[in-house]
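In: would you be able to build a 3D model of this:
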Amino acid sequence: CIPHRQFEGEQTVQLVNGIAYVDIFSDNYCIVLIDSEGNRHIGQDYYTIKKMLHFDSYAEKCYENAPDNKKLLKYMYYKCERDFQLNPKVIKIRQSARRGISLRKPYKKKNLSTLMQYYYDYAEGEFLDELITTEDFADTDRAARQKWIDMLIVRGLGERAIEAVCKYGYDGVDAGRLAKICDEALIQLLDKDGECNRPLLDMAYYIFRKGQYTENIIRYLAKFYMGPCDSMFGIWKAAGGFGIDKKEIEEKLLSSLLFVEGDAQSGLAILESYIEDGKNKTLKKGYVSYLSYRYLIDDSVISDVVWNWIENNILTEYNIVCTLAILKKLSKKDHLTDSEIKFCDVKLCQMVQKGIVLPFYSAFSKYIKLPDGLGNKAIIMCVANPGIHVHMRYKVRNSSVICTDMLEVFAGIYIREIVVFRNEEIVYGFYTEKNSKKLILGSGKAEYTYVQPDEITRYVMINKMIEHFDNGNLEELYSCMETYVKLDEASHNLFHTL
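Out: This next block holds a predicted model:
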């Protein structure tokens with residue numbers, strides 16, 4: 001049998017008296033001898049070969065008269081490959097070989113690529129359309145398939161191009177051309193309320209990443225795309241540029257940011273856009289509560305638009321975290337109105353009754369009477385995961401280290417109230433334990449802060465005595481000490497332990 005490198009199949013000829021007449025179409029052949037038991041033998045030691053016909057001199061003339069002869073066509077195709085020629089005659093031979101003989105994959109791939117490029121370069125539109133619509137370039141390499149898809153798009157064969165890119169992918173295909181066929185396909189889908197076409201959605205996102213998107217592509221992505229927050233944020237901004245309704249992608253973005261507890265600030269602009277006309281009130285409440293919590297623990301910025309919405313919509317309900325955020329915001333103002341003072345007085349008492357005591361409460365001492373004991377202590381706060389045991393180690397001047405537990409007052413906010421006298425400084429650190437190991441959560445310092453007293457307490461009097469001592473006012477110091485002793489003795493005489 002005689003196989004050829006370029007052609008599929010084998011030619012098998014029976015030996016008669018040790019002689020066989022075989023057809024050899026190229027120099028790339030192999031003669032294989034098969035014995036009676038089916039064993040194959042290769043090697044020139046087994047045979048001699050004699051060429052019966054020197055064909056080059058009149059092969060073209062024969063082909064003109066018998067173009068349908070497959071054996072002759074094989075030879076002419078081999079001759080085209082061997083001589084690297086490219087002209088109308090050669091193209092005609094290659095076209096006949098494409099239809100008339102079975103080429104092995106590498107040669108079929110090369111033949112298709114050569115024909116396609118020739119038809120494109122020489123504007124043979126009819127032949128090019130026939131080639132790219134009837135042939136499947138599955139056996140070609142990626143570059144050839146990309147060229148094939150490009151040709152389909154250029155020739156306006158959008159449906160066939162969509163089939164091709166869905167089957168073989170579009171990596172390397174010109175993004176601008178992809179945008180053209182994707183846009184055409186999406187026009188029909190956007191007019192219907194059907195389900196998402198996943199291959200087209202993936203293509204639309206690929207085009208978007210390449211920066212070649214159209215309005216229809218952004219509309220489709222805004223409606224159906226769900227992915228990383230950064231990607232959806234880019235689609236959201238592009239939708240704004242086209243004036244497209246962004247409510248659907250805003251809902252997905254805000255929900256995703258809440259789910260992963262992402263950067264609250266990155267969603268602020270989205271919330272401002274959604275908060276007035278968005279239909280999902282639960283989502284709006286959830287996100288403003290998340291923003292309020294971030295503001296509570298790390299002073300994340302909240303815009304005036306969101307603050308106004310909280311005041312007009314949330315405070316009429318009982319939302320603890322938003323109430324605390326409003327209180328913190330008011331604690332930073334230089335002046336409070338009468339209505340704000342009344343609000344702070346009521347809400348502060350409610351929070352303290354619930355056991356929620358936070359450091360900024362002391363700022364209200366100049367407006368309202370703070371709950372008992374609140375102005376006499378420093379409130380030290382730590383933020384950690386909710387529901388864990390947080391411990392605190394602290395030291396006052398040269399005293400020994402004191403260990404105590406922190407109290408969780410609200411959603412991962414832990415506090416400890418400590419009395420700090422004038423001129424004292426407390427150095428502290430937080431930690432928790434996991435698998436018998438200490439995990440450091442933070443550290444800091446606390447100093448005495450003067451708060452205008454509403455009444456004379458032991459704490460106030462002790463600090464006053466320290467102040468007189470520091471200033472060298474001995475008479476005032478002795479007078480204050482005398483008053484302190486008298487009041488202390490009076491309290492012992494008047495009140496008895498039950």
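
In: give me the element the closest residue in space to Asp35 that isn't next to it in sequence is part of.
Out: Using C-beta to C-beta, 6 or more residues apart in numbering and skipping residues adjacent in sequence, the residue nearest Asp35 is His41, 7.0 Å away. Quick note: C-beta positions are derived from backbone N, CA and C, even for glycine. In the assignment (DSSP states H and E), His41 maps to strand 40-42.

In: any idea how far Leu494 is from His129?
Out: Careful, residue 129 is Asp and not His. 108 Å (C-beta to C-beta, to the nearest Å).

In: more neighbours: which of these two?
Out: Comparing Asp129 with Leu494 by other C-beta atoms under 10 Å, the one with more neighbours is Asp129, at 17 against 7.

In: could I get the phi/psi values of the more buried one?
Out: phi -60, psi -40 (degrees, to the nearest 10).

In: next, the contact list for the nearest residue to it once chain neighbours are set aside, please.
Out: If you skip the residues right next to it in sequence, Asp129 has Arg155 as its closest partner in space, 5.8 Å away by C-beta to C-beta, 6+ apart. By C-beta atoms under 8 Å, 6 or more residues apart in numbering, the contact set of Arg155 is Gly125, Leu128, Asp129, Ile132.

In: for Arg155, report the pLDDT, please.
Out: At Arg155, the pLDDT value in this model is 81.

In: any idea how far Ile456 is from Asn111?
Out: 104 Å.

In: can you tell me how far Ile162 is from Ile153?
Out: The gap separating Ile162 from Ile153 is 10 Å, by C-beta to C-beta.

In: with just CA atoms, put the longest helix along the chain into CSV.
Out: Taking residue count as the measure and DSSP state H as the definition, the longest helix of the chain comes out as helix 474-494. Once side chains and other backbone atoms are set aside, the C-alpha atoms of helix 474-494 remain, and they are given as CSV (Å, rounded to 0.1, in the frame of the first residue of the first chain):
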residue,chain,number,x,y,z
LEU,A,474,-3.2,75.5,99.0
GLU,A,475,-6.1,77.4,100.7
GLU,A,476,-8.6,76.2,98.0
LEU,A,477,-7.1,72.7,98.3
TYR,A,478,-7.6,72.6,102.1
SER,A,479,-11.1,74.0,101.7
CYS,A,480,-12.0,71.4,99.1
MET,A,481,-10.5,68.6,101.2
GLU,A,482,-12.5,69.7,104.2
THR,A,483,-15.7,69.8,102.2
TYR,A,484,-15.0,66.3,100.8
VAL,A,485,-14.5,64.8,104.3
LYS,A,486,-17.7,66.4,105.6
LEU,A,487,-19.7,65.2,102.7
ASP,A,488,-18.2,61.8,102.9
GLU,A,489,-19.0,61.6,106.7
ALA,A,490,-22.5,62.9,106.1
SER,A,491,-23.2,60.2,103.5
HIS,A,492,-22.1,57.5,105.9
ASN,A,493,-24.4,58.9,108.6
LEU,A,494,-27.4,59.3,106.4
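
In: show me which positions of it end up buried.
Out: Using 16 or more other C-beta atoms under 10 Å as the test for burial, helix 474-494 gives Leu477, Cys480, Met481, Tyr484.

In: do you know how far the second one is from Ile31?
Out: Distance of Cys480 to Ile31, computed by C-beta to C-beta: 122 Å.

In: ok, the last one next?
Out: Noted for Tyr484: a distance of 121 Å to Ile31, by C-beta to C-beta.

In: any common contacting residues for Ile162 and Ile153?
Out: Applying C-beta under 8 Å, 6+ apart, one finds that Ile162 and Ile153 are jointly contacted by Ile181.

In: poorly predicted segments of this protein, please.
Out: Low-confidence segments of the chain (pLDDT under 70): 139, 262, 315-316, 372-376, 450-455, 495-498.

In: in this structure Leu112 contacts Asp141, no?
Out: No: contact criterion C-beta atoms under 8 Å: Leu112 and Asp141 do not qualify, at 10.9 Å.

In: looking at these two, which is more packed in?
Out: Here Leu112 and Asp141 are compared on neighbour count by other C-beta under 10 Å; more neighbours surround Leu112, at 23 against 13.

In: if I look at the more buried one, how far off is Pro106?
Out: In this structure, Leu112 and Pro106 are separated by 11 Å, where distance is defined by C-beta to C-beta.

In: repeat that for Met203.
Out: From Met203 across to Pro106, the span is 30 Å (C-beta to C-beta).

In: same check on Asp488?
Out: Noted for Asp488: a distance of 104 Å to Pro106, by C-beta to C-beta.
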